[in-house]
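**Student:** Here is a sequence with its predicted model. Questions after.
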Amino acid sequence: MSDPDLVIECDDAGVIRSVVGDLRTHLGYVADEVVGQPIADYLHPRNQAVAGPIVTTLAGQPQLELWDEVRVRNPDGSWTWVMASVRGGGPGQLPLVVSVRSLPDEATEELNARHDLLDAWIDREERFRVLAEATPVGVFQHSMTDGCVYVNERWTQITGLARDAAMGRGWQAIIHPDDTGAALADYEARGAPLEGPRGNTFRIVRPDGQLRWVKVATSPVLGPEGELHSVVGTLDDITDAIDAVAGVSRLTQVLEATPDLVGVYEVADDAIYLNDAARRFFGFGPRDDGRVPLADLHARLPSWMTEGWDQAIGDALLAASTWSGELELTDAQGVDVPMLAQLMVRRDELDRVVGFAAILRDISDRKVMEAQLEHQATHDPLTGLPNRTLLLQRLGLALERAREGGRPVAVLFLDLDRFKVVNDSLGHQQGDHVLVTLAERIRRAVDPTQTVARFGGDEFVVLAENVGGPEEPLALAGELIDQVHRPLDASTERFVLSTSIGIAISDPEATPETLLRDADAAMYRAKGAGRSQALVFDPAMRADAMVRFDVEAALRRAVAGEELRLHFQPKVDLRSGTIIGVEALVRWQHPSRGLLLPDQFLDVATETGLITEIGSWVIDRGMADLARFDEVRGPDAAPLYLCLNLSATELAHPDLVPTIASALERHGVDPGHIDLELTEHSLVADVDASARRLGELRAMGLKIAIDDFGTGYSSLAYLRRLPVDLLKIDRTFVEGLGERAEDAAIVHAIASLASSLGLAVVAEGVETPEQLAALREIGVTMAQGHLIARPQPADDVIALLRQGPSW
């Protein structure tokens, strides 16, 4: 096995004492931050549970070693999978040595998928147990491989058996010997996994010698792969009810008090005994003896009970003299109520049927709980819309109908444009409010027969059946774009969002997965084409999606593998002709494609969230190089200003201010020597939030510059609301200087405006001596462009500074 990426030594309490290797690159931490901290603090809760026993077992035992895949918490709260080896320390080492190796992306994706399933399964189990402890009946879970794995407190009260004694097959010891076969049928010979609920009644002998009748109702539980994992059920003590059926006259008071519906019928009688709960359920008034004419009851029973028993129930009842299961009755108010029924046949000494008895319990609450659990498994908890699981099920059925002769199916994949910026700036609570509002708008915009689902984050999917061609889903997409674009209110903010929509239309070979994949690819093409529009998938998009996926994967490796480079373009003072600042511009030194410019990868970085990580790297590296430049120029030199570009995503990110503050302190840079440059587009998307964040940055002493000034539609409207120090005249105006009088007038107007507002001005994109001369004549004092100097590595800038050129 290859050498580890990291080696961590801990004492016998599991506290980190030393780290060997590049901890920042692999896990995002600085060694000084973790030394002295318990190693368990950085582990996923599922790993923490076993950390203590492992430390105790392996400490100081070099011959013992344990390997496993482990999730480690990153500084931002996310998780990273690593392969970790833990062994006892040998001579000259601390008691515990942990070796860490990074895992490839493929392994990480597989582990995430596997553990997502496991986590969902464990969460469902935990919810089941919380609900079970609160229920007034006994609840148990019986694994098909391990026997009994859980009983609630009420179960132990009914059976008199302690929980530990009930585990595995231990509970079977209390079954009456004559009832063993019937009692164990559901656990040792259960049929197909999708069979419905079952019921059973049998006797138990408690440890204190009491003989009790219990009623058991069971349901199957499927595992993560759809297999029959276990059986869950309820257990209730029905001894009193059984005794009541045997001697109604003696136990009438007990039957009248029970909330269960009880009925006893003798074949030779024309009336039936109903207890108080049953009489009230069917709307009969008080009866001294509880007897109700059979004809009156028949008028209030479902037809299947009066015109002939359900064949399966009748056969089972007559064969075994008892039947348990679920059925539905209608109460006096006309409400259908689900019931758990126990039906029994009474026979005489000649085995002739002489009567029937029934005990029914209202299980409405249980049904509501089951429906809630089912809903949680198939719906988005925030918006209540179907989730990916339910959408895939419905999409599969829709495709089957289309293949059987129906018209094609269309999938519309919606992704909100720049929602992350809004979410980060307004806060996640307000962001959730926005998502709920948009979910309702989308739902109202579609036909009731169409499905709207949320896939998490800012992604929505619409499933439309029986489409005649691309015109129909395109028209629907247009309506959805309009609905999303309506103004939104969040707290004191009012803003608008847009959405990009990809459309895929099925063919006979389509599957749910391929149709979603194609719609997703079309959505990304719509975003790349300018956002706020819809495009129908064509096969060329799939190739584009694969290219984009490859770029994303390579870019992630580039960020982690130090393939990024920083070049600097000098900025000069046109009055003195000397360099007064540099603009930091990121480059990607691709292993096979060479040096890539920002427009070849920053769009993907923005879409995937990598832009924040790249931006943090640029801030830190740029300030480190600025410190080098200042050292070369000496303490008596005039200030050299560093210009750092910020995207809208970076501006809204909550870590921006602490990231900049940390870099300033780490490299000893004066904040007054830093210009933060933003485009008009990134600022006006949410002016109030931008103004607040820029105010924070300016309060630190940083200067704020607007890039590409004059190209936006609202430059002047928002200029007075934003704390700005500098305007950069866009190259589209500079390139016409010396040739077009209109461009000279625009540049002159921008320079005059800036002067009146007390703002500095920089012209960018200076390519010719004529442009430079025109700028001087207009009165612009700062400029940059290829005529002056191209972007270049830090070492070349140092050489240029030493030469002291003048323009």
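**Tutor:** Arrived safely.
**Student:** in the stretch 201-350 of the chain, what spans have low per-residue confidence?
**Tutor:** Within the stretch 201-350 of the chain, the stretches with pLDDT under 70 are 224, 244-251, 303-314, 316.
**Student:** mind listing the helices for it?
**Tutor:** Remark: helices assigned in the stretch 201-350 of the chain by DSSP state H, counting those that start in this stretch are 239-246, 252-257, 276-282, 294-298, 303-306, 311-320.
**Student:** The second one: how far from the chain's middle?
**Tutor:** I take that to be helix 252-257. Helix 252-257 sits 53 Å away from the centroid of its parent chain (Cα atoms, centre = their mean, to the nearest Å).
**Student:** go on, stretch 322-334?
**Tutor:** 41 Å.
**Student:** Any buried residues in that stretch, and which?
**Tutor:** Thr322, Trp323, Ser324, Gly325, Glu326, Leu327, Leu329 (16 or more other Cβ atoms under 10 Å). All C-beta spots, glycine's among them, are computed from the backbone N, C-alpha and C.
**Student:** ok, Pro470 - contacts?
**Tutor:** Contacts for Pro470 (Cβ atoms under 8 Å, 6 or more residues apart in numbering) come out as Ile503, Ile505, Val536.
**Student:** Reduced to three states, what does the first one come out as?
**Tutor:** Each residue gets one of three states, and Ile503 gets strand by DSSP: H, G, I helix; E, B strand; the rest coil.
**Student:** give me the number of residues near it?
**Tutor:** Neighbourhood size, Ile503 [other Cβ atoms under 10 Å]: 26.
**Student:** again, but for the last one
**Tutor:** Using other Cβ under 10 Å, Val536 has 23 other residues around it.
**Student:** isn't it right next to Met523, touching?
**Tutor:** No - counting by Cβ atoms under 8 Å, Val536 stays clear of Met523, with 11.0 Å between them.
**Student:** Secondary structure element for Phe568, which one?
**Tutor:** Per DSSP states H and E, Phe568 falls inside strand 564-573.
**Student:** helix or strand right after that strand?
**Tutor:** strand 579-590.
**Student:** For Leu412, give its distance to Leu392.
**Tutor:** Applying Cβ to Cβ, to the nearest Å, the value for Leu412 to Leu392 is 15 Å.
**Student:** any chance of the helices of the stretch 201-350 of the chain in JSON lines, with distance to Ala51 and mean neighbour count too?
**Tutor:** Rendered in JSON lines, the data for these read as follows (distance: least, Cβ to Cβ, whole Å; neighbours: other Cβ atoms under 10 Å):
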{"stretch": "helix 239-246", "distance to Ala51": "49", "mean neighbour count": "19"}
{"stretch": "helix 252-257", "distance to Ala51": "54", "mean neighbour count": "15"}
{"stretch": "helix 276-282", "distance to Ala51": "54", "mean neighbour count": "20"}
{"stretch": "helix 294-298", "distance to Ala51": "64", "mean neighbour count": "14"}
{"stretch": "helix 303-306", "distance to Ala51": "59", "mean neighbour count": "12"}
{"stretch": "helix 311-320", "distance to Ala51": "53", "mean neighbour count": "13"}
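**Student:** Between those helices, which one is closest to Arg366.
**Tutor:** helix 276-282 (17.2 Å; Cβ to Cβ).
**Student:** Show me what that closest one is in contact with.
**Tutor:** Helix 276-282 is touched from outside by 256-263, 274, 285-287, 290, 292, 297, 300, 329, 331-332, 337, 360, with contacts defined as Cβ under 8 Å, 6+ apart.
**Student:** Show me which of the residues you listed are buried.
**Tutor:** 258, 260-263, 274, 290, 292, 297, 300, 329, 337, 360.
**Student:** and the residue positioned nearest the centre of the chain, what is it in contact with?
**Tutor:** For the chain, the residue sitting closest to the mean C-alpha position, by Cα atoms, centre = their mean, is Gly456 at 5.4 Å. Gly456 is in contact with Asp380, Asn387, Arg388, counting by Cβ under 8 Å, 6+ apart.
**Student:** Restricted to buried residues, select the residues you listed in PyMOL.
**Tutor:** Remark: buried members of the contacts of Gly456, expressed as a PyMOL selection using 16+ other Cβ under 10 Å:
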select buried, resi 380+387+388
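**Student:** how about the helices in the stretch 51-200 of the chain?
**Tutor:** Using DSSP H, counting those that start in this stretch, the helices found in the stretch 51-200 of the chain span residues 105-134, 153-159, 163-166, 180-188.
**Student:** neighbours of the closest residue to Ala332 other than its chain neighbours, just the number please.
**Tutor:** With sequence-adjacent residues excluded and distances taken as Cβ to Cβ, 6 or more residues apart in numbering, Ala332 is closest to Gly283, at 2.9 Å. A total of 11 residues lie near Gly283 under the criterion other Cβ under 10 Å.
**Student:** show me the residues around Gly283 that make contact.
**Tutor:** Applying Cβ under 8 Å, 6+ apart to Gly283 gives the contacts Arg300, Asp331, Ala332.
**Student:** now the buried ones among the contacts of helix 276-282 in JSON lines, with distance to Arg720?
**Tutor:** Listed next are the buried ones among the contacts of helix 276-282 as JSON lines, based on distance: Cβ to Cβ, whole Å:
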{"residue": "Thr258", "distance to Arg720": "78"}
{"residue": "Asp260", "distance to Arg720": "75"}
{"residue": "Leu261", "distance to Arg720": "76"}
{"residue": "Val262", "distance to Arg720": "81"}
{"residue": "Gly263", "distance to Arg720": "82"}
{"residue": "Leu274", "distance to Arg720": "82"}
{"residue": "Gly290", "distance to Arg720": "85"}
{"residue": "Val292", "distance to Arg720": "84"}
{"residue": "Leu297", "distance to Arg720": "82"}
{"residue": "Arg300", "distance to Arg720": "77"}
{"residue": "Leu329", "distance to Arg720": "72"}
{"residue": "Val337", "distance to Arg720": "67"}
{"residue": "Leu360", "distance to Arg720": "75"}
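**Student:** nearest to Val214, of these?
**Tutor:** Proximity of those to Val214 (Cβ to Cβ) peaks at Asp260, which lies at 14.1 Å.
**Student:** Phi, psi for the nearest residue to that closest one once chain neighbours are set aside please.
**Tutor:** Nearest residue to Asp260, sequence neighbours excluded (Cβ to Cβ, 6+ apart): Arg361, at 4.9 Å. Dihedral pair for Arg361: phi -120, psi 130, per degrees, to the nearest 10.
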